[in-house]
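Asker: Quick one, structure for this:
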Amino acid sequence: MQAYIKGWLGARRYKKVKDKRENSAITIQSAWRGYEARRKYKEIRNRRTDAAIHIQAAFRGYIVRKNYTRLKTSMECVADHQLTSSCSTSDFGCEED
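Answerer: Okay, the predicted model is just below:
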């Protein structure tokens, strides 16, 4: 009878140790999966943020270049208009009849 009880207690202890090991392994695995998921999410978020920054920078550059070209063209038009309006035939040594 004692042998039977000792065997039963031993099996019960073994089952507890085995369950504890399995639960520990499950805990470690789920912690690792959570870590990996957070790392991948952070990587994707950083990649999207970097892409958005590049797109914004390109668009801002495009707008600035467009405005600069428009400003340069308008300044040339103003300069040409001032040059033609301030110049007369007498400025070039031409005499009018």
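Asker: Tell me where this structure has helices.
Answerer: Ranges of helices within the chain are 2-86, based on DSSP state H.
Asker: Where does the prediction get shaky in it?
Answerer: Flagging of the chain using pLDDT under 70 yields the residue ranges 81-97.
Asker: any idea which residue sits dead centre in it?
Answerer: Nearest to the centroid of the C-alpha atoms of the chain, with distances taken as Cα atoms, centre = their mean, sits residue 49, at 1.4 Å.
Asker: Would you enumerate the residues in contact with that one?
Answerer: With contact set as Cβ atoms under 8 Å, 6 or more residues apart in numbering, residue 49 has no partners. Backbone N, C-alpha and C define where each C-beta goes, glycine included.
Asker: From residue 23, how far off is it?
Answerer: Distance from residue 49 to residue 23, counting by Cβ to Cβ, to the nearest Å: 39 Å.
Asker: again, but for residue 13
Answerer: Look at residue 13 and residue 23: by Cβ to Cβ, they are 16 Å apart.
Asker: swap in residue 46?
Answerer: Computed as Cβ to Cβ, the residue 46 to residue 23 distance reads 35 Å.
Asker: Kindly report the same for residue 12.
Answerer: For residue 12, the distance to residue 23 equals 16 Å [Cβ to Cβ].
Asker: What of residue 9?
Answerer: Going from residue 9 to residue 23 by Cβ to Cβ gives 21 Å.
Asker: Just give the number of residues close to residue 60.
Answerer: 10 (other Cβ atoms under 10 Å).
Asker: brain fart, residue 9
Answerer: By the criterion of other Cβ under 10 Å, residue 9 has 10 neighbours.
Asker: can you check the one 3 residues further on too?
Answerer: A count of nearby residues for residue 12, using other Cβ under 10 Å, gives 10.
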